[in-house]
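Q: predicted structure and sequence below. I'll ask about it afterward.
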Amino acid sequence: MTLIDLANPTRFLALTARVLPWLAAATVLLLAIGLYQTALAPDDYQQGATVKIMFIHVPNAWLSMFVWGVMSIASLGTLVWRHPLADVAAKAAAPIGAAFTFLALLTGSLWGRPMWGTYWEWDARLTSVLILFLMYLGLMALWRAVDDPSRAARAAAVLTLVGALNLPIIKFSVDWWNTLHQPASVMRMGGSALDKSFLIPLLVMAVAFTLLFVTLHLAAMRNEILRRRVRSLQMMQASRVAFSSEMGAASRGQGASKEAGAA
Amino acid sequence: MIMSLGPYASFIVTSYAAAALVVALLIGWIALDYRNQTQRLRELEERGITRRSGRSATDL
């Protein structure tokens, strides 16, 4: 099956109906393994047990950017290739991305209080992620503000691509500016700075959360396709009602003119 | 084996609980949305409003 085949929403619905249960099962299994490994992970020599917050903070922080990346590719699909499911994918991903970004901010804040002595600091990393969260909310508001999905899609696609400029700023903020937030310790030149006892559970949790996103995203895309079907059927119903009332008015008008002629 | 979370246990537990709650809310919202959309499609079909292809709108 190619990407062109998936352009057909009915075919997409049929395929995802088969795939989703397997994806959900794989997500649950991997989350269970990740949580088990997280529970067994040793305390850090400096942070103690608070290092356990890392196993949910980092996957959520990673997903906050990954989801915007997915939305940016989907936006290209809307503007350049005009793929019928591209704007469905972008719209369905936004609330999920917002939820992951919220969790990244919240868990980061809860990790920051015991480690830094503060819940919040207006440093470059924290501020750029907060901006990302606000952009997610702005996109969701834009989708809601415009009735016609195809018009909303183009505006949202442009906004998403402009917002993608924030992704390298988030990633390199810890290198470009002097931040309270630590520099990259997993994906960096020279390999990970983490010990295997932390790195393995972290990677398992990252893959599990990514699978969770894929599962939720496909399910939300299915909902969006159904919502558009509802909308088009409602418009069909409204045009039928308008047509029949017009016909009724026209026939009443003809009847009235005949009566006037007879009189 | 009982896991000892040290003096900052409340921060750790709150983080995991918040993640579990938000993920549960996401799953619940998506499941409810699916139920709403399929129900609305069924209601429209019952009123005789069908797709041009003639297939059921809830045909997945």
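A: In hand now; what should we look at?
Q: skipping adjacent residues, who's closest to the residue of the stretch 101-250 of chain A found nearest chain B in space?
A: When scored by CB to the nearest CB, the stretch 101-250 of chain A has residue A:226 as its residue closest to chain B, at 3.8 Å. Every residue, glycine included, has its C-beta placed from N, CA and C. Closest residue to residue A:226 apart from its sequence neighbours, by CB to CB, 6 or more residues apart in numbering or on different chains: residue B:37 at 3.8 Å.
Q: neighbours around the one you found, how many?
A: Counted with other CB atoms under 10 Å in any protein chain shown, residues neighbouring residue B:37 total 21.
Q: residue A:26 now?
A: Neighbour tally, residue A:26, other CB under 10 Å: 16.
Q: next, give phi and psi for it.
A: phi -60, psi -40 (degrees, to the nearest 10).
Q: one more: residue A:48?
A: Residue A:48 has phi and psi values of phi 70, psi -140 when expressed as degrees, to the nearest 10.
Q: show the contacting residues for it.
A: B:6-8 (CB atoms under 8 Å, 6 or more residues apart in numbering or on different chains).
Q: partners of it in the sheet?
A: Beta-bridge partners of residue A:48, counted by DSSP bridges, are residue A:44.
Q: show the pLDDT at it.
A: pLDDT for residue A:48: 87.
Q: could you do residue A:205 as well?
A: Note for residue A:205: predicted pLDDT of 96.
Q: for it, which non-adjacent residue is closest in space?
A: Leaving aside its sequence neighbours, residue A:205 sits nearest to residue A:34 (CB to CB, 6+ apart; 4.0 Å).
Q: what score does that neighbour have for pLDDT?
A: pLDDT for residue A:34: 96.
Q: swap in residue B:2?
A: 50.
Q: ok, the one 4 residues further on next?
A: As summarised for this prediction, residue B:6 has a pLDDT of 82.
Q: kindly report the same for residue A:159.
A: Per-residue confidence (pLDDT) for residue A:159: 94.
Q: is it true that it touches residue A:138?
A: Yes. Assessed by CB atoms under 8 Å, residue A:159 is found in contact with residue A:138 at 7.2 Å.
Q: the helix ranked longest in chain A packs against which elements?
A: Scanning chain A for the helix with the most residues, using DSSP state H, yields helix A:196-262. Counting contacts by 3 or more CB pairs under 8 Å, 6 or more residues apart in numbering or on different chains; DSSP states H and E, helix A:196-262 packs against helix A:9-40, helix A:54-76, helix A:86-116, helix B:9-46.
Q: residue A:204: which of the ones you listed is closest?
A: Residue A:204 lies closest to helix A:9-40 among the helices and strands packed on helix A:196-262, at 4.1 Å (CB to CB).
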